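Chemist: Have a look; sequence and predicted model below, questions after that.
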Amino acid sequence: MADIVGATFIPALHKPPALLPIAKHRETLLYIIETYPITIVVGQTGSGKSTQIPQFLEQAGWCADGKVIGVTQPRRVAATTVATRVAEEFGCEVGKEVGYSIRFEDVTSADTRIKFLTDGLLIREALVDPLLSRYSVIMVDEAHERSISSDILLGLLKKIRKKRQDLRIIISSATLQAEEFRDFFSEVNEAQEAKVDNKNHGKQATDTSAIVSLEGRTYPIDILYLETPAEDYIERALSTVFEIHTKEAAGDILVFLTGREEIDQAVQEISERSAQLPPGSESILPLPLYAGLSTEQQMYVFDETPMGYRKVIFSTNIAEASVTIDGIVYVVDCGFVKLRAYNPKTGIDTLTATPVSKASAAQRAGRAGRTKTGKCFRLYTEEAYQALPDANVPEIQRSNLAPFVLQLKALGIDNVLRFDFLTPPPAELMIKALELLFSLGALDDYAKLTRPIGMRMAELAVEPMMAKTLLAAPSFGCMDEILTIAAMTSLGGSIWIQHEGEKKKADSTKRKFAADEGDHLTLLNAYQAFVTKGRKEARFCHDNLLNFKSMTRAISIRSQLRRYLERFGLAMDDSSVGGHPDPTKKAEQIRRCLTSGFFAHAARMQPDGTFRNVSGTTVLHAHPSSLMFNRKAEWVIFHEVMETGDKTYIRDITKIEKGWLLEYAPDFYKT
DNA sequence: GAGCACTGC
């Protein structure tokens, strides 16, 4: 039996006595990857694992016979930037020997040997090539983040491995979780192990996988805790910033808070209190950073700090992994993060501030040591830290799984309840997903994927309710319009922008596109104006407070969806076909069509202006960004529902008739 | 009359 952990060249878990500087251990890495089907690489940012390992493999001949080395990333930007850097080192243009592939951007060619792609995209490749046969090696980078896609991908790879002895799998992980990955791939009850050795006991079996630790190029970081818990972490964050500013050496500060409101407040407070700084001292330049900011506003954090200033960035979790800012020497960590969790009983997502995990806290602290020795101020006690969970609950255990169940079914995995998940989601989440897919007609009485409907829904890159709406559109004669609405809603609320201090204007500008029927038709109007009158120009967006980047993306999404529907033989000639020339009738067809997909998201307005769901159990509020926020309606359907703080908001709302619910979803609403 | 962390096909 190969006891890999005991082999002389492999450091022990967790506290490796001798970490590997990557270049020196090229041969070791290659030997392990050659010998073991699964290699788990533990390494901090800066260890070079994402950039070097693929090149080692390519040089060692893993791309013979035209095979490709695939490296997945959880985010689009990471796939493009890492590919660019590797291409540079490789000495080729991006898209030649080294390329990347993300939605809407396939920068690869017949020459491509190292390919970076998002994990979601690789799962979709499995739809057409179930054994991922063009890849000799697949490296799943940042697997410790535990995104749903990377979790599912690992489950698929475990399955594929049984049929492809030649495939090599590399998983890159943070220290804390390495053993979990090893155990997942090393179960004794697998056919392969069983035949090799029956002396294996439980989790001792490691003849399939090896763990390798790599040294990172980070500097030491002093961690400081509070002696007594903070009552108000924003206040504490502000005083800590001033303390650092007056007592510590030069260097920028990154403060982790939980959301936009807190961040805007903190930025403002800093500006106000800066006046009290002793005369002659350096000034503080406070900057906000969160996803809701426009790209331009986000870019300020990357500008070089002006002379005589110390930059203080107040950020959400976006700066924990997605955005990296150089020059940060001090980190202030409030200890909380807003996490999304799906309640299968109500079908509602909640967004709540939750204590961070130890893994998150470590990642946040690490943001301080990128250029020199740093300090991390944790706004909680060391006892509180010890009580934190090691890692966040994986996304797959707290999400609406309908889209992923559909995807698994399309991959031929019928018994999704028995799919080999790294951590299985709670049964209620799976059942809720199956119920919704059944009600949409994607699954039959035996929970099998229906054809063509279910299969087509799986192929469309929008969530199941919108997929159903799209597939129904030809029968309502409103394909063109639904395509646009699907593209616009899938942008997730980033369509309208506000210039500084122009709230009033934003509302009235939006009203220019307003449709009595509700938000969906308003989005349709805005898009149509953009592509016709606005000639797809940035200028038009600026004048009409539309997000140019989002609108451009909507065009891409729309045309991609259209191509799918054409392939299904559903998309028709754009202008002429079907439907009513009368705009009111046309609008009714669109509303009916939306109802046929979103019947599960129906609500009725109460005399007080709030809404109730159909069973009357939940009070819903129109989100202030919705047209229906201050308009009257009876019955409505909505795109999205989310509970934040103490209120449950619905967004993208359209008026419907009660009778349509019974017409299009008789089984769902039978009494 | 008031607001959503992040990511992906």
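Modeler: All right, it came through fine. Residues are numbered from 1 along each chain as shown, chains lettered A, B, ... in the order given.
Chemist: so where is chain A shaky, pLDDT-wise?
Modeler: For chain A, residues meeting the criterion pLDDT under 70 lie at A:1-20, A:45-46, A:187-206, A:217, A:498-510, A:572-580, A:671.
Chemist: List the residues that contact residue A:486.
Modeler: Residues near residue A:486 by C-beta atoms under 8 Å, 6 or more residues apart in numbering: A:462, A:466, A:469, A:470, A:557, A:558, A:561. Every residue, glycine included, has its C-beta placed from N, CA and C.
Chemist: Closest to residue A:605 out of those residues?
Modeler: Distance to residue A:605 across the contacts of residue A:486 (C-beta to C-beta) is lowest for residue A:469, with 22.2 Å.
Chemist: Run a quick neighbour tally on residue A:667.
Modeler: Counted with other C-beta atoms under 10 Å, residues neighbouring residue A:667 total 7.
Chemist: From residue A:439, how far off is it?
Modeler: Distance, residue A:667 to residue A:439, by C-beta to C-beta, to the nearest Å: 7 Å.
Chemist: Give the buried subset of the contacts of residue A:486 as a ChimeraX selection command.
Modeler: Burial among the contacts of residue A:486 is assessed by 16 or more other C-beta atoms under 10 Å; the matching ChimeraX selection reads:
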select /A:462,466,469,470,557,558,561
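Chemist: The contacts of residue A:486: which ones sit near DNA strand B?
Modeler: Applying C-beta under 7 Å from any atom of the strand, the subset of the contacts of residue A:486 adjacent to DNA strand B comprises residue A:462.
Chemist: Looking at the contacts of residue A:486, spot the one nearest DNA strand B.
Modeler: DNA strand B lies nearest to residue A:462 out of the contacts of residue A:486, by C-beta to the nearest atom of the strand, at 5.9 Å.
Chemist: doesn't the closest one fall inside a strand?
Modeler: No. Counting by DSSP: H, G, I helix; E, B strand; the rest coil, one finds residue A:462 to be coil, located in no strand.
Chemist: from memory it sits against residue A:488, does it?
Modeler: No. Contact criterion C-beta atoms under 8 Å: residue A:462 and residue A:488 do not qualify, at 11.1 Å.
Chemist: what's across from residue A:336 in the sheet?
Modeler: residue A:355 (DSSP bridges).
Chemist: what sits against it?
Modeler: Contact partners of residue A:336, counting by C-beta under 8 Å, 6+ apart, are A:233, A:258, A:353, A:354, A:355, A:356.
Chemist: for residue A:23, same thing?
Modeler: A:48, A:52.
Chemist: roughly how far apart are it and residue A:616?
Modeler: 65 Å.
Chemist: now do residue A:306
Modeler: 58 Å.
Chemist: Residue A:402 now?
Modeler: From residue A:402 to residue A:616 the distance is 24 Å (C-beta to C-beta).
Chemist: Among the two, which residue is more densely surrounded?
Modeler: For residue A:402 and residue A:616, the more surrounded residue by other C-beta under 10 Å is residue A:402, and the numbers stand at 24 against 9.
Chemist: So that one sits against residue A:435, correct?
Modeler: No. The pair residue A:402 and residue A:435 does not pass the contact test of C-beta under 8 Å, sitting 9.0 Å apart.
Chemist: related to what we said a few turns ago, closest to residue A:328 out of the contacts of residue A:336?
Modeler: residue A:356 (17.6 Å).
Chemist: Near DNA strand B, which residues of the stretch 201-350 of chain A? Just list them.
Modeler: Near DNA strand B, when you scan the stretch 201-350 of chain A using C-beta under 7 Å from any atom of the strand, you find A:258-261, A:290-292, A:316-318, A:322, A:337-340.
Chemist: of all these, which comes closest to residue A:168?
Modeler: For those, the minimum distance to residue A:168 (C-beta to C-beta) is 28.4 Å, reached by residue A:322.
Chemist: Show the contacting residues for the closest one.
Modeler: A:75, A:77.
Chemist: ok, it to residue A:396 distance?
Modeler: 20 Å.
Chemist: Count the neighbours of the residue nearest to residue A:113 when sequence neighbours are not counted for me.
Modeler: In this structure, residue A:113 finds its nearest non-sequential neighbour in residue A:63, 4.1 Å apart by C-beta to C-beta, 6 or more residues apart in numbering. Residue A:63 has 19 neighbours, counted by other C-beta under 10 Å.
Chemist: Now for residue A:63: which residues touch it?
Modeler: A:57, A:69, A:113, A:114, A:136.
Chemist: Over to residue A:119?
Modeler: By C-beta under 8 Å, 6+ apart, the contact set of residue A:119 is A:72, A:73, A:74, A:140, A:147, A:149, A:150, A:153.
Chemist: any idea which element the last one lies in?
Modeler: Put plainly, it is residue A:153. Element membership for residue A:153 (DSSP states H and E) is helix A:148-163.
Chemist: Tell me which residues of that helix come out buried.
Modeler: Applying 16+ other C-beta under 10 Å to helix A:148-163 flags A:148-161 as buried.
Chemist: and for that helix, what are the contacting residues?
Modeler: Contacts for helix A:148-163 (C-beta under 8 Å, 6+ apart): A:37-38, A:72, A:74, A:118-120, A:122-123, A:126, A:130-132, A:138, A:140, A:142-143, A:167, A:169, A:171, A:181, A:184-185, A:190-192, A:394-396, A:399, A:401, A:404, A:407-408, A:411, A:419-423.
Chemist: domains of chain A?
Modeler: For chain A, automatic domain parsing gives the domain ranges A:4-214, A:221-393.
Chemist: Tell me which of those domains lies nearest to residue A:553.
Modeler: Here domain A:4-214 is closest among those (C-beta to C-beta), at 8.1 Å.
Chemist: which residues does residue A:459 contact?
Modeler: Contacts of residue A:459 by C-beta under 8 Å, 6+ apart are A:127, A:410, A:564.
Chemist: Need the buried ones from the residues you listed selected in PyMOL.
Modeler: The following PyMOL line selects those of the contacts of residue A:459 that are buried, judged by 16+ other C-beta under 10 Å:
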select buried, chain A and resi 410+564
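Chemist: and the contacts of residue A:459 as a markdown table, adding distance to residue A:633 and secondary structure?
Modeler: A markdown table is the format used below for the contacts of residue A:459 (distance: C-beta to C-beta, whole Å; DSSP: H, G, I helix; E, B strand; the rest coil):
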| residue | distance to residue A:633 | secondary structure |
| --- | --- | --- |
| A:127 | 40 | helix |
| A:410 | 36 | helix |
| A:564 | 32 | helix |
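Chemist: what separates residue A:266 from DNA strand B, distance-wise?
Modeler: Separation of residue A:266 from DNA strand B (C-beta to the nearest atom of the strand, to the nearest Å) stands at 13 Å.
Chemist: List the beta-bridge partners for the closest residue to that residue other than its chain neighbours.
Modeler: Closest residue to residue A:266 apart from its sequence neighbours, by C-beta to C-beta, 6+ apart: residue A:314 at 4.8 Å. Beta bridges link residue A:314 to residue A:255, residue A:288 when assigned by DSSP bridges.
Chemist: who are the neighbours in contact with residue A:314?
Modeler: Contact analysis of residue A:314 by C-beta under 8 Å, 6+ apart lists A:255, A:257, A:262, A:263, A:266, A:267, A:286, A:287, A:288, A:289.
Chemist: one more time with 6 Å, if that's ok
Modeler: With contacts defined as C-beta atoms under 6 Å, 6 or more residues apart in numbering, residue A:314 is in contact with A:255, A:257, A:263, A:266, A:267, A:288.
Chemist: can you tell me which of these lies nearest to residue A:662?
Modeler: Of those, the one sitting nearest to residue A:662 (C-beta to C-beta) turns out to be residue A:263, at 45.9 Å.
Chemist: give me phi/psi at that closest one?
Modeler: When read as degrees, to the nearest 10, the backbone of residue A:263 gives phi -70, psi -50.
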